[in-house]
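> Fold the following.
(2 chains)
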There are 2 protein chains.
Amino acid sequence: MFLSELMPLEEALNIINQEKIPYITEKIKLEQTYGRVLAQDIQALLDSPGFDRSAMDGFAIHAEDTFGFSQENPAHLKIIDRIGAGKKSKFVLKKGEAIKIATGAPIPQGANGVVMEEYTYEKGDDLEVLFSITPGENVSPAGEDFKKGDLLLEHPHQLRPQDVGIISSAGYNELKVFKKPLVGVITTGNELVMDKSKIKEAEVINSNYYTLKSLLESTKAIPLVTHARDDANQVEQQIKKFAKSCDVIITTGGTAISKGDVVVDVVEKIGEVLFHGVSIRPGKPVAFGRVDQKPVFMLSGYPVAAMVQFDILVRPYLLKMQKLAPLPPTVKRKATQKIPSKLGRTDYIRAHAGIKNVDPVLSKGSGVIRSMVQSNCYIVIDAEVEGIAAGEECEVLFFDSFVRY
Amino acid sequence: MFLSELMPLEEALNIINQEKIPYITEKIKLEQTYGRVLAQDIQALLDSPGFDRSAMDGFAIHAEDTFGFSQENPAHLKIIDRIGAGKKSKFVLKKGEAIKIATGAPIPQGANGVVMEEYTYEKGDDLEVLFSITPGENVSPAGEDFKKGDLLLEHPHQLRPQDVGIISSAGYNELKVFKKPLVGVITTGNELVMDKSKIKEAEVINSNYYTLKSLLESTKAIPLVTHARDDANQVEQQIKKFAKSCDVIITTGGTAISKGDVVVDVVEKIGEVLFHGVSIRPGKPVAFGRVDQKPVFMLSGYPVAAMVQFDILVRPYLLKMQKLAPLPPTVKRKATQKIPSKLGRTDYIRAHAGIKNVDPVLSKGSGVIRSMVQSNCYIVIDAEVEGIAAGEECEVLFFDSFVRY
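Numbering: from 1, shown residues only, chains lettered A, B, ... in the order given. Below you'll find the predicted structure:
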């Protein structure tokens, strides 16, 4: 319980970073891929467009047939066919002829330009053209967007709407993407119940159930949350079960440092504990280990401590597993008041920041969820900094920057 | 088709903004509410914690019993009970007595402080206390987090993990939130097929199906995408169907301005068209109307035009319906090259911006999806600006800022 026994945050992060991540991919339907991270490169399987096509509703013609003509002296052409989108004309256009054509329809053989409908008069099969056009006018050439074989996107890349759109045009209907990790959460604590109606004696609502589920959703992981009593056997069975079925395990509660506590003891017994106790505040009693090659993050039972531990230690790991963008660097804001901090400990002060300043939220302990609710960021005070003076610049990490879509 | 006939963007946005939005709410389970927008205020239904509780594993005592004692001269107390979390002691603590207590357990009657376990020696029922404590030490008082009746959150507010956590502690297990709008999308065009294997003659892949579905997901709306041929009757039936079952309708294709085109004609016939043709580039041939009180956004068939129209006209409407944060204001970047633009028209130039500069992506037309894929922002050139000189500051709207979680 003394600072000197705790591991510096940097060392704890290094241990987690050294874990080998089994990057797991899956193939899913293209229409389900918005927001997912590509696990393959995208090379076009075809030209887009696949043929020279009309960029306008109008008439495919020989541009030369309009040279020298004008509104006062219109060209006269003969309409020999009319084609809608999706259809090809069977005719080869000769001089003096025109084929009516819809936007997106293929340019008929022989034609080299399209005159817009509003620059013409159509009377039966006679077409008056009021303006001259240049060769290639209103023609989108084959391969204008991309050509077969073009490298359109490289992995990893989180897919935006336009990416999904171009991939469909490139001929794909399913994609290899990184799997969303399935995360088994075990909240522990005999005093926890799921809602108000069930409270007896000195029981309290298991807010960690709700918080952890939401935290995991904010990283795009799939949460599977369950509860265990403070019973070594029950905790052991549940961890073993999740070690088989899940990619990552998280526990809350049972991590006190002073003495052997249920969860850490169980992981020590059936796997290994890589660290226990980190010099951060809040969140000191946190442990990390491995059971059957699956990482186990052992968080505090205290809601605020658990959230901070999640944000600092678990969140970066889950983003990395999916190759999602990592947490951004901190930004600078001016502290509106003095903030004390101990050398050798990294502090995560709940705070509310605007464009220039940041106000620490007066927190009363790691059980006070309201301090997180009133905050929009952490002030991060590194281990080698002894506190922030009023008006001094400090490092701020916005909660908004945690969210992934 | 001439600029003078087109509606200025501002006017079009005003028309959409004047639409009465039926804010629709629903009650859902608390554990499903991460990322949803509160449609009710949250007042605590109970105190949290509900009782004075121990902040540490240790012994509940009379603080006065430790005054003047130290490691050299420890106090001796008698352990009369041991209680775990979730349990209450039946005893009333008298002077000279101690009750062993777990973190989170209720402070026994009579006790006024908790001495941490590591500052004691326990031998049978005898407890040596090595340090003195002050009254209230290691006690989290009832209502420390919040008191019954406290206003914890006001609507509208998009729920973060900590919000969901505190709401659970406050005694709620379901919440009223704004409904995700159900959006019926009708892509039109005889030339469109769903994938490469189905392409015949001059058909092309219906990338708008994929793009619109993803765009809607990025606004948190629920997409219901279907396709219709360029057939007034089929389009009419589908719009009528969606007007019954959906909150918003979107169409793509059939919006040419020069002449009557299928979709706009149908909406004119069975509802009303409030505008048709807006002075933006790309995306000029866009219309907005109403059928059975449901808004109908009629977008271009061209993929890039449809995306820009969605971002500028549809996206703000869908965010507003859900009371999600609106699009942020543009930010300033220096253009790396000259960008021409016509007075009276608002241009959305696809571009790639960094921290200081922005590079326009050379776009070849509103069918070239690749220009959107290579971009991370729009340069917005207002109607009254005649173009940007190289090195000049311009207004930039990042695609990242569109995303809602």
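> got the contact list for the helix or strand hosting residue A:297?
Residue A:297 belongs to strand A:294-299 when assigned by DSSP states H and E. Around strand A:294-299, the neighbours that count as contacts under Cβ atoms under 8 Å, 6 or more residues apart in numbering or on different chains are A:16, A:19, A:239, A:242-243, A:246-252, A:254-255, A:263-264, A:267, A:271, A:276, A:283, A:286-290, A:305-306, A:309-310, A:313-314, A:317. The way it works is simple: take the backbone N, C-alpha and C, and place the C-beta from them, glycine included.
> Next: stretch A:230-238.
Contacts made with stretch A:230-238 from outside it, assessed by Cβ under 8 Å, 6+ apart, are listed as A:184, A:186, A:188-190, A:226, A:228, A:251, A:253-254, A:262-263, A:265-266, A:269-270, B:84-85.
> I'd like the distance from residue A:354 to chain B, if you could.
Shown here: residue A:354 relative to chain B, a distance of 15 Å by Cβ to the nearest Cβ, to the nearest Å.
> Going by neighbour count, list what's buried in the biggest helix by length in chain A.
Secondary structure of chain A per DSSP state H: the longest helix is helix A:232-245. Taking 16 or more other Cβ atoms under 10 Å in any protein chain shown as the basis for neighbour counts, the residues of helix A:232-245 that come out buried are A:232, A:234-236, A:238-240, A:242-243.
> closest to residue A:163 among the residues you listed?
Looking at those and their distance to residue A:163, the nearest is residue A:242, at 33.8 Å (Cβ to Cβ).
> Which residue, neighbours along the chain excluded, lies closest to that closest one?
If the residues on either side of it in the chain are set aside, residue A:242 comes closest to residue A:184, at 3.2 Å by Cβ to Cβ, 6 or more residues apart in numbering or on different chains.
> How about residue A:41?
Closest to residue A:41 by Cβ to Cβ, 6+ apart is residue A:154, at 5.1 Å.
> residues contacting that neighbour?
When contacts are counted by Cβ under 8 Å, 6+ apart, residue A:154 is found next to A:38, A:41-42.
> separation between it and residue A:48?
Distance, residue A:154 to residue A:48, using Cβ to Cβ, to the nearest Å: 18 Å.
> in chain A, what spans have low per-residue confidence?
Along chain A, the parts satisfying pLDDT under 70 run over A:1-4, A:258-260, A:363-366.
> Show me the helices in chain A, by range?
Across chain A, reading from the start of the chain, the helices by DSSP H fall at A:9-18, A:161-169, A:207-218, A:232-245, A:262-270, A:303-309, A:315-321, A:370-373.
> Figure out which of these is closest to residue B:24.
Shortest separation from residue B:24 across those is recorded for helix A:207-218, at 22.9 Å, computed as Cβ to Cβ.
> what's the nearest residue to residue A:52 if we skip its chain neighbours?
The spatial neighbour of residue A:52 that comes closest, neighbours along the chain excluded (Cβ to Cβ, 6+ apart), is residue A:107 at 4.3 Å.
> circling back: what subset of the contacts of stretch A:230-238 is buried?
When neighbours are counted using 16+ other Cβ under 10 Å, the contacts of stretch A:230-238 contain these buried positions: A:184, A:186, A:188-190, A:228, A:251, A:253-254, A:262-263, A:265-266, A:270, B:84-85.
> In terms of residue numbering, what are the domains of chain A?
Domain ranges of chain A: A:3-24+A:179-321, A:27-43+A:153-178, A:53-140, A:331-398, per automatic domain parsing.
> export those domains to JSON lines and tack on distance to residue B:31?
As requested, the domains of chain A are arranged in JSON lines below (distance: least, Cβ to Cβ, whole Å):
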{"stretch": "domain A:3-24+A:179-321", "distance to residue B:31": "6"}
{"stretch": "domain A:27-43+A:153-178", "distance to residue B:31": "21"}
{"stretch": "domain A:53-140", "distance to residue B:31": "47"}
{"stretch": "domain A:331-398", "distance to residue B:31": "16"}
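> Now tabulate the helices of chain A in a markdown table and tack on distance to residue A:179.
Formatted as a markdown table, the entries for those read as follows, by distance: least, Cβ to Cβ, whole Å:
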| stretch | distance to residue A:179 |
| --- | --- |
| helix A:9-18 | 20 |
| helix A:161-169 | 18 |
| helix A:207-218 | 14 |
| helix A:232-245 | 14 |
| helix A:262-270 | 24 |
| helix A:303-309 | 24 |
| helix A:315-321 | 9 |
| helix A:370-373 | 30 |
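> Good, wrapping up.
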